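have a look at this prediction, sequence included:
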Amino acid sequence: MGLDRRVFMGGAAVAASSLAMPYGFAKGNGTPKVVVIGGGAGGATAARYLAKDSKGALDVTLIEPSRSYYTCFFSNLYLGGFKNLDDLVHSYGTLASGYGINVVHDWAIGVDRDKKYVTLAGGAQVPYDKLILSPGIDFVEGGVAGWDILAQNKMPHAYKAGSQTELLKAQVMAMPAGGVFAMVAPPNPFRCPPGPYERISMVAHLLKTHNPTAKILVADPKPKFSKMALFQEGWGTHYDGMIDWIGPDFGGDNVVVNPDEMTLSIDGEVTKVDVCNVIPAMKAGRIAEVAGVSDGRWAPVNAKDMSSKADKNIHVLGDAALQGDMPKSGFAANSQAKVCANAIRGELTGSKVFPAKFSNTCWSLIDDDDGVKVGASYKATDEKIAKVSGFISKIGEDAATRANNYKESEGWYAGITKDMFG
Amino acid sequence: MVSGLRLFLMTATGIWFGFLLLGQAAFAVELGDKEKGRKLFKLCKNCHQIGQGAKNRIGPHLNLLFGRKAASIDGFRYSKGIKRAAAGGLEWHADTLSAYLENPKNLVSGTRMNFAGMKDLDQRMDLIAYLRLFSDNPADIPEADPTISDAGHDLDPAILALKGDPDYGDYLSGECTACHQTSGQDDGVPSIVAWPEDDFVRAMHAYKKQVRQHPVMQMIAGRLSDDEIASLAAFFANIKE
Ligand SMILES: Cc1cc2nc3c(=O)[nH]c(=O)nc-3n(C[C@H](O)[C@H](O)[C@H](O)COP(=O)(O)OP(=O)(O)OC[C@H]3O[C@@H](n4cnc5c(N)ncnc54)[C@H](O)[C@@H]3O)c2cc1C
């Protein structure tokens, strides 16, 4: 790649000391500073594109507590046995060494919007000219009666990938013969609309081999979900009789869990379950509230550059943003990040700003070689990111098309993770 | 030579190729002369056999071609390009054959069919009428093998001549690199780096006109202007990584 390979010393200690300079430094007499909070799908892409395209004209800092990023995308395939955990993990090494991004492994705990700096849990203050937030999601407290974050070991969400995903898989593998796997599905809007249903498919796939008499119970507050017809077709074809999906008509929206007893009550009817995957209602990662750019749930943004409606020097990407028609997906976060990076670079360095354009495609695997996809393209209007056109896999497609979808999704995963982490 | 969206029609006197000009008057021309087609098949004979006892040679045999999925003859070693097109839904019908014969790269980048292309629509129709003799029920063309479009596929030379802006292409490429790798590595999504610009432009316009089948690519290309396609071609042609 034709960019300067500036060598950076890694490590939070070095990073923190270099940040001890006064916050006013950046303005006027230094390289403009962009700080990115969150090194996931949106944040890593934004940092990489800013550094790559500005060729040293911007000083890019990425704040992310974890040293490895486990992708949620493809984590269901790990549950199903199609991928190993190692396949999901990505490091920040290339962003630091190949792109000169200052990667700081710490939590951001405060944002001073007047003086324009971020406070880290370790105490350092990081000045910015532009701040990007891509903190992903947190769960709404009290979203599922009986469940809170302290119960996540007994009833995992596995909606932030890593140890939770491993835990959920171990629990599925340890189910007694003929046991019950339950899922409490989330209300809209939430991260990855087809995610819970792809997960059901993958758990069913695993159980079909390891525990064929086991049952799957899904309590869902939504009457409809993403790719519903495709999933239902697939469940009928591959896992006939194994999956009971209970929508709001039958009380799927009236759920209480008891993690100590391992019970799930749907409309008052209590079932003893062996595994209970609780996916609670979601909101923007907490730092969005701390920064004061959230409406209480999500952070409203302007579509043309993903800038916050509350502060033009803060941009919000990915799941945390309230942007309009795009689903909350890694693909979408990656797409938004590039539009945002282009706009920020234009503002800070005078480079040409091209019109915003977004797209998204989500592949889901239902069983061996049975992949489906849905996608759309979007444009920026004054009020939102608006859908332009889209497509979805068809019911009853031939096997070759479905097999090809899966193959394509593997290509997409390889491509997009390179696009994020270099 | 006529262009537009065509529809097959049958008449008592023979097989006709009809024209359905969207929102305009429809008219029809005869679908080719099989005798002329037989002579034109000389152009194909070096590589393809057809008729009783036909075997695969450099190219696959062409019996029972109509309605067949591309790259579907067992035992023939197809190019990666055509296998990919087949997985994307390419089937052989009069419209796809016409597009392919006009310029194989309209439909299949990286095809091994080394054929300069047959620019003349009438000739293509003659050849297709001949090929059709070796598929089931040739008399039933419209019913047995309906087809909806045979747009003028070949690109206006002015479009091929457009000079793209690689910087703009660089920005636009962000939409491509969510799936296609700039290293040229292919893990299930094909490489698009270092292609001849013409091939790139042809491929994108074929998606845009929905002559090529891939839904993601149709969506992406559908939103790109001629200049944007040229810019992407210019950017990806010169990528070094
Ligand atoms: C089961 C499942 C399957 C999925 N499948 C797909 C799929 O197939 N395709 C697809 O496109 N998407 C998929 N997704 C969705 C995708 O994972 C998310 O939409 C995407 O990760 C959102 O990107 P983001 O940048 O908004 O957040 P994230 O990727 O979650 O990144 C947020 C980062 O911010 C960090 N962070 C949070 N708070 C702070 C703070 N205060 N300070 C510093 N750092 C902080 C976190 O540690 C995290 O690394 C799936 C999700 C799930 C759960």
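Good, I have the coordinates. Residues are numbered from 1 along each chain as shown, chains lettered A, B, ... in the order given.

the helix or strand hosting residue A:138 pairs with which strands, parallel or anti?
Residue A:138 belongs to strand A:137-139 when assigned by DSSP states H and E. Using DSSP bridges, the strands paired with strand A:137-139 are strand A:282-284 (antiparallel).

what sits against the closest residue to chain B within chain A?
For chain A and chain B, the shortest gap (C-beta to the nearest C-beta) falls at residue A:411, measuring 2.8 Å. Where you see a C-beta, it was placed from the backbone N, CA and C, and this is true even at glycine. Residues in contact with residue A:411, defined by C-beta atoms under 8 Å, 6 or more residues apart in numbering or on different chains, are B:179, B:186, B:187, B:188, B:189, B:190.

from residue B:199, how far out is it?
20 Å (C-beta to C-beta, to the nearest Å).

can I see the domain layout of chain B?
B:2-149, B:157-237 (automatic domain parsing).

looking at those domains, which is buried most?
domain B:157-237 (a mean of 19; mean count of other C-beta atoms under 10 Å in any protein chain shown).

touching chain A at all, it?
Yes: residues of domain B:157-237 contacting chain A under C-beta under 8 Å from any C-beta of the partner chain: B:167-168, B:170-172, B:174-175, B:177-183, B:185-190, B:215-216, B:218-220, B:222-223.

how about the strands in the stretch 51-200 of chain A?
Under the criterion DSSP state E, counting those that start in this stretch, strands of the stretch 51-200 of chain A are mapped to A:59-63, A:68-70, A:89-91, A:102-104, A:108-112, A:117-120, A:125-127, A:130-133, A:137-139, A:180-184.

the ones you listed: which one's closest to residue B:107?
strand A:89-91 (36.6 Å; C-beta to C-beta).

for the residue nearest to the spatial centre of chain B, give its distance to chain A.
The centroid of chain B falls nearest to residue B:107 when counting by C-alpha atoms, centre = their mean (3.0 Å). Distance from residue B:107 to chain A, counting by C-beta to the nearest C-beta, to the nearest Å: 17 Å.

can you report phi and psi for the residue of the stretch 101-250 of chain A found nearest the ligand?
Proximity of the stretch 101-250 of chain A to the ligand (C-beta to the nearest ligand atom) peaks at residue A:136, 2.6 Å away. Note on residue A:136: backbone dihedrals following degrees, to the nearest 10 are phi 70, psi -150.

and for it, the neighbour number?
Applying other C-beta atoms under 10 Å in any protein chain shown, we find 25 residues neighbouring residue A:136.

surely it touches residue A:320?
Yes: using C-beta atoms under 8 Å, residue A:136 makes contact with residue A:320 at a distance of 6.6 Å.

what residues are shared contacts of those two?
residue A:285.

pretty sure residue A:35 belongs to a strand, no?
Yes: if the criterion is DSSP: H, G, I helix; E, B strand; the rest coil, then residue A:35 is within a strand.

contacting residues for the closest residue in space to it that isn't next to it in sequence?
Nearest non-adjacent residue to residue A:35, counting by C-beta to C-beta, 6 or more residues apart in numbering or on different chains: residue A:128, 4.0 Å away. Applying C-beta under 8 Å, 6+ apart to residue A:128 gives the contacts A:26, A:33, A:34, A:35, A:61, A:116, A:117, A:118, A:313.

tally up the residues packed near the nearest residue to the last one once chain neighbours are set aside, please.
Right, residue A:313. Once flanking residues are discounted, residue A:313 sits nearest to residue A:130: 5.6 Å by C-beta to C-beta, 6+ apart. By the criterion of other C-beta under 10 Å, residue A:130 has 24 neighbours.
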